[in-house]
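> what shape does this take:
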Amino acid sequence: MDADLTRRQLLRGTAAGVGLAVTAGVAAAPSAGAAPLLGEYDVVVVGSGAAGMTAALTAAKRGLSVVVLEKAPTFGGSAARSGAGIWIPNNPVLLAAGVPDTPAKAAQYLAAVVGPDVPAARQEAFLRHGPDMIAFVLANSPLRFRWMEGYSDYYPELPGGLPNGRSIEPDQLDGNVLGAELANLNPPYLATPAGMVVFSADYKWLNLAAVNAKGAAVAAACLARGTAAALAGQKPLTMGQSLAAGLRAGLLAANVPVWLNTPLVDLNVEGGAVTGVLVPQGLVRARRGVIVGSGGFEHNAAMRAQYQRQPIGTAWTVGAKENTGDGHRAGQRAGAALDLMDDAWWGPAIPTPGDPYFCLAERTLPGGLIVNQAGRRFVNEAAPYSDVVHTMYDKNPVAPDIPAWLVVDQNYRNKYLFRDILPLLPFPDAWYSAGAVVKASSIPDLGAKIGVPAAALKSTVDRFNGFAWSGVDSDFHRGASAYDHYYTDPLVLPNSCLAPLWAPPFYAFKLVPGDLGTKGGMRTDARARVLRPDGTVIRGLYAAGNASAAVMGHSYAGAGSTIGPAMTFGYIAGNDV
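Numbering: from 1, shown residues only. Below is the predicted model:
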């Protein structure tokens, strides 16, 4: 069917489709037999995040006809909102930068991180096809990438781990390459400072700009990049904005349509094979197969309550709001097995008004510690963010730590950026009103205000201060891993992770189990084909990204362990379909 005609049909049906939406995030649709045929393609891709767009681009470059169906009024999904780190060992960008990676090191490391949770064949497929995927994207889109030098693998002490890291991120991209389509890009989770061009790797230094010469130099470089882009008439994009825009530009060049406001309602199954997608407006047929990249279920309260530990909800995630598990449930109805549904890409979050704040550097910078509701430390604050939340859930039943509290002093506030609030500047009144932050003139008073035993909190801070002076955290070994030192202050000695709390007033930030998205989804094989509980393949159905069970299992190898595998298995699916 003519693509323009199909698009006009969809636009006429949009209002009706929106009106059919229900709270679970799925719209009603006519049965397959009664549904009007909106189009027929070789491949139908559900979702325009990193997984879906990579899959669509791959299939299109094989000469197949492809359409992308996107539930949201924007494209890019959670990837567009993110920092867009990409963890792909041995990729051409890393090797060109001289990173001493090898396939053997990568396989050894991934196996040590993931363990037996994920079949070896899937791990091997990710490692084998990841570098090819990056080379493919470089050849078929305007995207270019940079090594995030120094951003350590999350467990660099494990066999094959690299302390200097394997993560890459998108380079600066001029949004003008998209023309009018730029207006449909999903906005970032946090906007970069006005007039600046900032990469993910810059934030490590921007946090320190007030106290560190390199930090000040990086801030100046970000401003210079922004000024140069403005003078050149560019619309500079970085991080997730660059990644999503670059993939969308590749799709435009390959004549792949992306239909916005087109949610998946169900999969069309005929003779045991998936042959299309039902949307509120009708049926989109797939001659070869359907690739589901519809994201996680982080905004589906019923699914989170069913599969995940309490307390849980939808208010603490930073995933795209359209991620309500539509692909998971459609896959189940088609016979798919689900795995890892109890897990997510966790990280401690501060429940600030509006969007929660996913807390990275702030819990690692020297001069802060995390306590439970008994006023005691319970975790290495600088550990990988997923591990911190796993610990919160593991320990909460016997020593409540949801919420926990990040405690800092005024010396910390005088030195370091906090989210986007400059040192010395006050926190918004709305943060205090919401209970996201509490301030007091002494540690015992702070304990009283946040409802933890004042004497216990003071004892904990005194003990922590002793560790800071000695440089050795005898309780939780903060600073023992190279990863612990990424978001720290190198001028603080003897341990850049540790500094005493001594200067009033003191602050406590509420911490809850946040996430970047859920991790569980349809069980897939090494070819990204969806499997039934008995291990047989559902013909015509593929899944990638957070609609599929993560190749990382219950762990997290390094920055970009969400997007790297999402793109790789999207690429695998696009080549296999």
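> A strand includes residue 276, no?
Yes: counting by DSSP: H, G, I helix; E, B strand; the rest coil, residue 276 is located in a strand.
> residues contacting it?
32, 44, 267-268, 283-286, 290 (Cβ atoms under 8 Å, 6 or more residues apart in numbering). From N, CA and C alone the C-beta is placed, and that goes for glycine too.
> return the member of those nearest to residue 226.
Using Cβ to Cβ, residue 44 comes nearest to residue 226 of these, at 39.5 Å.
> strand partners (parallel or antiparallel) of the host helix or strand of the closest one?
According to DSSP states H and E, residue 44 maps onto strand 37-46. Applying DSSP bridges to the sheet, strand 37-46 is found paired with strand 66-69 (parallel), strand 282-292 (parallel).
> dump those strands into CSV; add mean neighbour count as well.
CSV is the format used below for the strands paired with strand 37-46 (neighbours: other Cβ atoms under 10 Å):
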stretch, mean neighbour count
strand 66-69, 26
strand 282-292, 26
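> state the mean pLDDT of the strand holding residue 44.
Mean pLDDT, computed over strand 37-46, is 97.
> report the angle between whichever helix or strand comes after that strand and strand 37-46.
Once the chain leaves strand 37-46, the next helix or strand it forms, by DSSP H and E, is helix 50-61. In terms of direction (axes from the mean of the first three to the mean of the last three Cα atoms, to 10 degrees), helix 50-61 departs from strand 37-46 by 120 degrees.
> counting by contacts, list what helix 50-61 packs against.
On a contact count with 3 or more Cβ pairs under 8 Å, 6 or more residues apart in numbering; DSSP states H and E, helix 50-61 meets strand 37-46, strand 66-69, helix 77-81, helix 120-140, helix 239-253, strand 282-292, helix 563-576.
> so what touches the fourth one?
Counting by Cβ under 8 Å, 6+ apart, the neighbours of helix 120-140 from elsewhere in the structure are 54, 57-58, 61, 86, 88-93, 103, 106-107, 110-111, 114, 143-145, 168, 246-247, 250, 253-254, 524-527, 551, 564-565, 567-569, 571-572.
> pull the contacting residues for the spatially most central residue of the chain.
Residue closest to the average C-alpha location in the chain (Cα atoms, centre = their mean): residue 516, at 4.3 Å. Contacts for residue 516 were tallied using Cβ under 8 Å, 6+ apart; they are 78, 82, 317-319, 344-345, 347, 358, 562.
> for residue 312, same thing?
Shown in contact with residue 312 (Cβ under 8 Å, 6+ apart): 304-305, 513.
> can I get the residues you listed in a markdown table including secondary structure?
A markdown table is the format used below for the contacts of residue 312 (three-state DSSP):
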| residue | secondary structure |
| --- | --- |
| 304 | helix |
| 305 | helix |
| 513 | strand |
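> buried ones only from those residues, please, as a PyMOL command.
Paste this into PyMOL to select the buried members of those, with burial taken from 16 or more other Cβ atoms under 10 Å:
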select buried, resi 304+513
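> redo the contacts of residue 312 as TSV? Include distance to residue 210 and pLDDT.
Shown next, in TSV, are the contacts of residue 312 (distance: Cβ to Cβ, whole Å; pLDDT from 0 to 100):
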residue	distance to residue 210	pLDDT
304	39	98
305	43	97
513	31	97
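> between the helices and strands packed on helix 50-61, which one is nearest to residue 436?
Checking those against residue 436 by Cβ to Cβ gives helix 77-81 as the closest, at 20.2 Å.
> outside of the helix or strand that the closest one is followed by, which residues touch it?
Next in sequence after helix 77-81, counting helices and strands by DSSP H and E, comes strand 86-87. For strand 86-87, the surrounding residues in contact (Cβ under 8 Å, 6+ apart) are 134, 145, 166-170, 243, 557-561, 563-565, 567.
> next SSE downstream of strand 86-87?
Counting by DSSP H and E, the next helix or strand C-terminal to strand 86-87 is helix 92-96.
> could you export the contacts of residue 276 to CSV, including columns for distance to residue 503?
Compiled in CSV, the contacts of residue 276 are given as follows (distance: Cβ to Cβ, whole Å):
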residue, distance to residue 503
32, 67
44, 59
267, 59
268, 64
283, 65
284, 61
285, 66
286, 62
290, 58
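> out of these, which is nearest to residue 536?
Scanning the contacts of residue 276 for proximity to residue 536, where the rule is Cβ to Cβ, the winner is residue 267, at 16.5 Å.
> could you look up the SS state of the closest one?
strand.
> buried residues in stretch 349-362?
Across stretch 349-362, burial judged by 16+ other Cβ under 10 Å covers 349-352, 355-362.
> and the end-to-end length of that stretch?
Using Cα to Cα, to the nearest Å, the end-to-end distance of stretch 349-362 comes to 11 Å.
> what's it in contact with?
So stretch 349-362 is in contact with 189, 203-204, 207, 315-318, 347-348, 368, 385, 406, 416-419, 430-431, 433-437, 487, 509-516, going by Cβ under 8 Å, 6+ apart.
> out of the contacts of residue 312, who's nearest residue 263?
For the contacts of residue 312, the nearest to residue 263 is residue 304 (19.4 Å; Cβ to Cβ).
> separation between that closest one and residue 520?
11 Å (Cβ to Cβ, to the nearest Å).
> need the overlap of contacts for the two.
residue 297.
> my guess is residue 39 contacts residue 284. True?
Yes: if you go by Cβ atoms under 8 Å, residue 39 and residue 284 touch, sitting 5.4 Å apart.
> return the alpha-carbon coordinates of stretch 108-123 using CSV.
Taking C-alpha atoms only, stretch 108-123 is exported to CSV below (Å, rounded to 0.1, in the frame of the first residue of the first chain):
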residue,chain,number,x,y,z
GLN,A,108,35.9,-13.8,30.2
TYR,A,109,34.6,-10.6,31.8
LEU,A,110,31.0,-10.9,30.6
ALA,A,111,30.8,-14.5,31.8
ALA,A,112,32.1,-13.4,35.2
VAL,A,113,29.6,-10.6,35.5
VAL,A,114,26.5,-12.3,34.2
GLY,A,115,27.1,-15.8,35.5
PRO,A,116,24.8,-18.7,34.6
ASP,A,117,21.6,-16.5,34.4
VAL,A,118,22.0,-16.0,30.6
PRO,A,119,22.8,-18.8,28.1
ALA,A,120,26.4,-18.7,26.8
ALA,A,121,25.1,-18.6,23.2
ARG,A,122,23.3,-15.2,23.8
GLN,A,123,26.4,-13.8,25.5
